[in-house]
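Participant: need coordinates for the following:
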Amino acid sequence: MKNLKLFFIVFILFFVYIFLSAKSYSSFLEEDLSNEILRLHIVANSNSAEDQYLKLQIRDNILTFISSFYSSNMNKADVISLLLEKEQKIKEIIQTTISKNGYDYSFSFSITNCSFPTKNYGNITLPLGNYDCLNIELGSSSGENWWCVMFPSLCFVDISEGV
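Facilitator: A predicted model of the protein is given here:
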């Protein structure tokens, strides 16, 4: 009986050790990934079909513009620097897209840190967590959002695949 209790205690301790090790490794991966990734996050004014369509037009116009200067040999800091350098032009693209669609929404543009859910890109899974992002909020920003990974350039995969 004494050996059974000892076995049970060792088994429980082993299980706790495995669980804590996995949790620690998962946290390490999440933190490491969040330091290496830059996301694009666009929040629509509302959930109306028109506002959701406008959000996607803004997404397409921004990504088309960014792809004209994006280079595969850039790192995250390079991309952030270029976004800040091109901030005025990106804001013009957003404003022009809003106006051409007959709206007069305000919008915000910031490079900040946002919380994101888990996202799968084929065989790559990005865990739930906080990531640096180019954050664009349209109007009251109470609608569904759209997001992708700008660095590395998985947004362009999303667009080409129609995701």
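Participant: specify the beta-bridge partners of the most centrally placed residue in the chain.
Facilitator: Among the residues of the chain, residue 39 comes closest to the average C-alpha position under C-alpha atoms, centre = their mean, at 3.6 Å. Counting by DSSP bridges, residue 39 forms beta bridges with residue 133, residue 149.
Participant: what about the strands in this protein?
Facilitator: For the chain, strands defined by DSSP state E occupy the ranges 38-43, 107-116, 119-121, 124-126, 129-138, 145-151.
Participant: make TSV from those strands and add mean pLDDT and distance to residue 62 to it.
Facilitator: From N, CA and C alone the C-beta is placed, and that goes for glycine too. As requested, these are arranged in TSV below (pLDDT from 0 to 100; distance: least, C-beta to C-beta, whole Å):
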stretch	mean pLDDT	distance to residue 62
strand 38-43	94	7
strand 107-116	93	10
strand 119-121	76	19
strand 124-126	79	20
strand 129-138	94	8
strand 145-151	88	10
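Participant: could these go into TSV alongside distance to residue 88?
Facilitator: As requested, those are exported to TSV (distance: least, C-beta to C-beta, whole Å):
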stretch	distance to residue 88
strand 38-43	18
strand 107-116	10
strand 119-121	30
strand 124-126	30
strand 129-138	14
strand 145-151	18
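Participant: out of those strands, flag the one nearest residue 79.
Facilitator: strand 145-151 (4.6 Å; C-beta to C-beta).
Participant: residues in contact with that closest one?
Facilitator: With contacts defined as C-beta atoms under 8 Å, 6 or more residues apart in numbering, strand 145-151 is touched by 37-44, 55-56, 59, 66, 74-76, 79, 116, 119, 121, 126, 133-134, 154-155, 158, 163.
Participant: which of those residues count as buried?
Facilitator: Taking 16 or more other C-beta atoms under 10 Å as the criterion, what is buried in the contacts of strand 145-151 is 37-44, 55, 59, 66, 74, 79, 116, 119, 126, 133-134, 154-155, 158.
Participant: buried stuff in stretch 117-126?
Facilitator: 119, 126.
Participant: first vs last residue of it, how far apart are they?
Facilitator: 8 Å (C-alpha to C-alpha, to the nearest Å).
Participant: where does this structure have its least confident helix or strand?
Facilitator: helix 155-161 (a mean of 52; mean pLDDT, DSSP states H and E).
Participant: low-confidence ranges, this protein, go.
Facilitator: Counting by pLDDT under 70, the chain contains low-confidence ranges at 1-33, 156-163.
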